[in-house]
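Chemist: sharing a model prediction with you, sequence too.
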Amino acid sequence: MLVLLTNDDGVHAEGLRVLHDEFARAHEVYVVAPDRERSGSSHAITVFQPLMVHRTRVSGGGGEGETGAAGPEASRRREAWAVVGTPADCVKLAVASLLPRRPDLVVSGINRGPNLGTDVFYSGTVSAAIEAAILGLPAVAVSLAGFKDLDYGFAARFARYLAERVVSRGLPPATLLNVNVPAVDAARIKGVRITGLSGHKWHDRFEERADPRGRTYFWLVGEPLEAEVEQGSDLDAVNSGYVSVTPVHLDLTDRPMMAELEKWSLDLGEVEGR
């Protein structure tokens, strides 16, 4: 199958390189990713300036000359488009202009760090998969739930396994899968759980600093809030040593609240004093 890979950690991120090498073992792979890290970019798209694009190679942490575990042949296949834009830009541009045909699947990741609970609203990784779903394409977002001494190998293998299952079984319209893999040795992962989004949130804290000219600026240094972990949630699964697979739907409508709002009898006549 033809697979589009993207991320929000940038085209030279290690997680993307490992993901590419895994999928390239069996599939036709195209990489269209931001030219730099765009974590936290959510679903922003570029409207008021051009999207600059240049050809490069997926190289991971070892630089562009890196060969990696999959050998020299994989290195030669690592051509990619680097886009001066957001992850959502990358998917839109790839599908509309860069790829030879519509991809069979879009995989975003492997993100460095988890995307749990409310993270899905901020994450560029998840938003790339959301953009794919908007375009009518099956999509998977994959994150490794850690930040130090990361081994992306198992997460990449699981991503390919799940992606192939997605293509063979299908996903409902406007649905994507958000995957979080515990950052532990593969032998310690207990299994897979199908989960809901947790109430995982962050405490926003900003450090106030001054630049060399004395001008004040603020730097976000948020920390995860300690809260009760809901059983059956993505956070519960990852904390318990399981891979979390969460189906995410694009329809955010609160349908029970629609019925409640009907009872409000909203009337424009009252607005105008009639």
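Modeler: That came in fine, so what should we check first?
Chemist: that's a strand at Ala187, yeah?
Modeler: No - secondary structure of Ala187 (DSSP: H, G, I helix; E, B strand; the rest coil): helix, not part of a strand.
Chemist: what number of residues lie near it?
Modeler: By other C-beta atoms under 10 Å, the residues close to Ala187 number 6. (Each C-beta comes from the backbone N, C-alpha and C, glycine too.)
Chemist: now swap in the one 10 residues further on and tell me
Modeler: For Leu197, the neighbour count with other C-beta under 10 Å is 20.
Chemist: that one contacts Val248, correct?
Modeler: Yes - with contact defined as C-beta atoms under 8 Å, Leu197 reaches Val248; the gap is 7.4 Å.
Chemist: what sits in contact with each of the two?
Modeler: 120, 178 (C-beta atoms under 8 Å, 6 or more residues apart in numbering).
Chemist: show me where the stretch 1-150 of the chain has strands.
Modeler: With DSSP state E, counting those that start in this stretch, the ranges of strands along the stretch 1-150 of the chain come out as 2-6, 28-34, 53-57, 79-83, 105-112, 139-145.
Chemist: can you mark which positions in the longest helix seen in the chain are buried?
Modeler: The single longest helix within the chain, with elements called by DSSP state H, is helix 153-169. For helix 153-169, a neighbour-count test (16 or more other C-beta atoms under 10 Å) marks 154-160, 162-164, 166 as buried.
Chemist: and the next helix or strand after that helix, what does it pack onto?
Modeler: Scanning forward in sequence from helix 153-169 by DSSP states H and E, the next helix or strand is strand 175-182. Here strand 175-182 touches helix 124-134, strand 139-145, helix 153-169, helix 234-239, strand 242-249, going by 3 or more C-beta pairs under 8 Å, 6 or more residues apart in numbering; DSSP states H and E.
Chemist: just to revisit the earlier point, export the strands of the stretch 1-150 of the chain to a markdown table and tack on mean pLDDT, distance to Pro173 and mean neighbour count?
Modeler: Output for these, formatted as a markdown table (pLDDT from 0 to 100; distance: least, C-beta to C-beta, whole Å; neighbours: other C-beta atoms under 10 Å):
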| stretch | mean pLDDT | distance to Pro173 | mean neighbour count |
| --- | --- | --- | --- |
| strand 2-6 | 97 | 19 | 25 |
| strand 28-34 | 97 | 23 | 24 |
| strand 53-57 | 93 | 30 | 15 |
| strand 79-83 | 94 | 27 | 21 |
| strand 105-112 | 96 | 15 | 29 |
| strand 139-145 | 97 | 12 | 28 |
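Chemist: check contacts around the residue sitting nearest the centre point of the chain.
Modeler: The residue lying closest to the centre of the chain (C-alpha atoms, centre = their mean) is Thr125, at 1.9 Å. Under the criterion of C-beta under 8 Å, 6+ apart, the contact list for Thr125 reads 7-9, 39, 87, 108-109, 111, 115, 141-143.
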